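Chemist: Mind folding the following:
(one chain, ligands or ions: 3)
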Amino acid sequence: MVRAMAFVAVFLVSLSYGQTCGDAYDGNLCVYPAVGFPANIRDGAVSDFWSNWSGKDYIEMIAPSDCYPGRCGFVGTDDAVITIKAAATSEGLYMLSEVKDNTWVDKASAEDWGADAIDFYFDAMDANAIWTCTGCLIGLYDSKLTYTTQQFQVWMGASAPPTGCRMAYYDENLWSWQTIGLDWVQLSVLHGIDIDIISIDATRKAQEWFFPWSKFGKGLAQGTMLDGLKLAFSGGYNDKDGDNTDPDCLRWLGKDPWAGDANYWGDFVIQPGVGSVGVIPTNAPLSKASRGKETAGLYSLADKRITGRMSAPGVAVRPSRIVMMP
Ligand SMILES: [Ca+2]
Ligand SMILES: [Ca+2]
Ligand SMILES: [Ca+2]
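Modeler: Ligands and ions are numbered 1, 2, ... in the order given. You can find the predicted model right below:
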């Protein structure tokens, strides 16, 4: 009898767990406690941590099921496929995105966001809070972009590995949505974000990301309990194969938060054992006071460093072009 009850209890726990974490096609991506990552993930290799993923949650996007409406010129199921896994420590979020693409192309310009690029959105709010909020939206078209939304477009590269990415966010000083280009050093020094782009074979590449909580959604406060927390996430993959001038696009939830006709935000669901937001990465060359301001959500110092002439010690920062996201 006791054994039978225990079995039922385990079954029910598994069921509830599965409802959140077992579905590669729902609107939640469960984030598991991470152990064993190298101090610097930019080592050209997929970290061992990801290898045993049996029974764990992930996202998979395949054409035509996960096409952005009207951007679905994919031919067959191997034209583009992306899978995404997530893990975390008290310091930050780790993501592994594996992309299968039949043809890799280089970007034609610094704004060529469609040329084989991951296109991700992050927010410090959760999906439902964004959908139901009053006063959180920046009011750009009918979008569901908020004051704490960050968008990243990170190329896969073809003839050579990419040297940087595009980042977009609402700038409180300029009162507008800004898109900037960042090279890997700027991304790491100013935002603590590290991205490793790994070539697996002719048709498969991976991106491994580290994104510190102190910068996620413009910064989660130190001490924020992460276990059980939901944080909004969305996005997909933009594919050109040399035969299309407009990219074909996969999107996790059909579209992305640039559209507001439905809620295209999903959630990271942080699993028990990650803990509270802890240490700010020590590689950030900001004063203690500045770090505190940034953690509180004031982004201005970092932005001035990018768009102005300021440079971090030993780092040549050139003025970045500021362009509006299409
Ligand atoms: Ca790595
Ligand atoms: Ca393709
Ligand atoms: Ca491609």
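Chemist: Figure out the helix or strand that the most centrally placed residue in the chain lives in.
Modeler: In the chain, the centroid-proximal residue (Cα atoms, centre = their mean) is Phe120; its distance is 4.5 Å. Element membership for Phe120, per DSSP states H and E: strand 117-122.
Chemist: Can you name the next helix or strand after that strand?
Modeler: helix 127-132.
Chemist: buried ones in that next one?
Modeler: Neighbour-count burial for helix 127-132, counted by 16 or more other Cβ atoms under 10 Å, picks out 127, 129-131. C-beta coordinates here come from the backbone N, C-alpha and C atoms, glycine included.
Chemist: Just name the closest of the residues you listed to Gln151, please.
Modeler: Ile130 (13.8 Å; Cβ to Cβ).
Chemist: For the closest one, list the residues it contacts.
Modeler: 123, 136-137, 144, 146, 232, 257, 263, 265 (Cβ atoms under 8 Å, 6 or more residues apart in numbering).
Chemist: Among those, which one sits closest to ligand 3?
Modeler: Pro257 (23.6 Å; Cβ to the ion).
Chemist: Could you give the number of residues near the closest residue to that closest one other than its chain neighbours?
Modeler: In this structure, Pro257 finds its nearest non-sequential neighbour in Lys144, 4.2 Å apart by Cβ to Cβ, 6 or more residues apart in numbering. Neighbourhood size, Lys144 [other Cβ atoms under 10 Å]: 28.
Chemist: how much space between Lys144 and Met125?
Modeler: Note on Lys144: its distance to Met125, by Cβ to Cβ, to the nearest Å, is 10 Å.
Chemist: State the number of residues packed around the residue nearest to Ile198 when sequence neighbours are not counted.
Modeler: Spatial nearest neighbour of Ile198, excluding adjacent residues (Cβ to Cβ, 6+ apart): Ala206 at 4.5 Å. By other Cβ under 10 Å, the residues close to Ala206 number 18.
Chemist: Near ligand 2, which residues of the stretch 151-300 of the chain are found?
Modeler: Within the stretch 151-300 of the chain, the positions near ligand 2 by Cβ under 5 Å from the ion are 239, 241.
Chemist: go again using 8 Å as the cut-off
Modeler: Residues of the stretch 151-300 of the chain lying near ligand 2 by Cβ under 8 Å from the ion: 239-241, 248.
Chemist: Tally up the residues packed near Gln153, please.
Modeler: Around Gln153 there are 23 residues (other Cβ under 10 Å).
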